[in-house]
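Undergrad: Everything below, folded, please.
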Amino acid sequence: MIAVDLAFVPPGHDARSVVVFDVLRMTTTACVLLDGGLEVLTVVADPDAARREAVATSALLLGERQGVALPGFDGGNSPLEVQRLDLPRRRAVLCTTNGSFAVEAAGAAEQVLLGAVVNAAAVAEALLASPAGDVLLLCAGTQGAVSLDDVVGAACVLAELRARSDDLAMTDACMLALGLLDGPAGVPALVERAAHARLLRDIGFGADVDFAARRNLLGVVPARVATEPARFAPWRGGATER
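TA: You can find the predicted model right below:
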């Protein structure tokens, strides 16, 4: 039996496995980076610490505040823009407004995965392949408030879990999220309704919103492989700390 809970904003609670969602856009961008051949992605919340980490590891420096790339960084937090970078066998540091802080909030978990709409099925498969235990789906939110896009991403993973296993115990929070998918609006329309989607469109990143709403587009699951700082690599049957 796998007990599954959902936290609409950090910090959530202690769980053996935590899946962090920042659909618009950190966890979506992380999926694209690793799918594109990036070797290791380090997630850091503080911009100055991110700069130091990038210098120390000769990594690409990516990040944003309020949706806009930080000064002096190699790029922002756009899943489409990072596709243009030379990624194979490289490292990158990612520092964002909301998602990076959610990753830090999950620091005590034994396993931390990054989830999104684009990799929902792959995340479900990774969770079911891990030893049975409790799972927390942790939505990053937007500056402490619930963010619809993150809840939709969590709902997509819950739907994939439910389709694959009868051995689940889901909380009422999970059922509330799943209820979004039972309505007439599809996933793209739901993501479009998020306040953060409107912000991104207003500052010229509407194509990122469309991309982030493409369900099960990618088969990669970013899994934490080291802590302090949190480093992620593609899940390969387990997230062994190293």
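
Undergrad: Low-confidence regions, this structure specifically.
TA: 132, 237-242 (pLDDT under 70).

Undergrad: mind checking which helix or strand the residue nearest the centre of it is in?
TA: Centroid-nearest residue in the chain: residue 27, 2.7 Å away (criterion: Cα atoms, centre = their mean). Following DSSP states H and E, one finds residue 27 within helix 26-35.

Undergrad: Surely residue 35 is in contact with residue 221?
TA: No - using Cβ atoms under 8 Å, residue 35 is not in contact with residue 221; the gap is 10.0 Å. Yep, even glycine has a C-beta here, placed from its N, CA and C like the rest.

Undergrad: report the longest helix in this protein, please.
TA: Assignment by DSSP state H gives helix 148-164 as the longest helix of the chain.

Undergrad: Work out the gap between that one and the centre of the chain.
TA: From the chain centre to the centre of helix 148-164 is a distance of 12 Å (Cα atoms, centre = their mean, to the nearest Å).

Undergrad: how about the helices in the protein?
TA: 26-35, 47-57, 99-105, 120-129, 148-164, 172-182, 187-192, 195-202, 206-212.

Undergrad: who wins for proximity to residue 4 among those helices?
TA: For residue 4, the closest of those is helix 172-182, at 5.6 Å, according to Cβ to Cβ.

Undergrad: buried stuff in the closest one?
TA: Neighbour counts over helix 172-182 (16 or more other Cβ atoms under 10 Å) mark 173, 174, 177, 178, 180 as buried.

Undergrad: just the residues you listed now: which is nearest residue 151?
TA: residue 177 (5.2 Å).

Undergrad: how close does residue 32 sit to residue 84?
TA: 11 Å (Cβ to Cβ, to the nearest Å).
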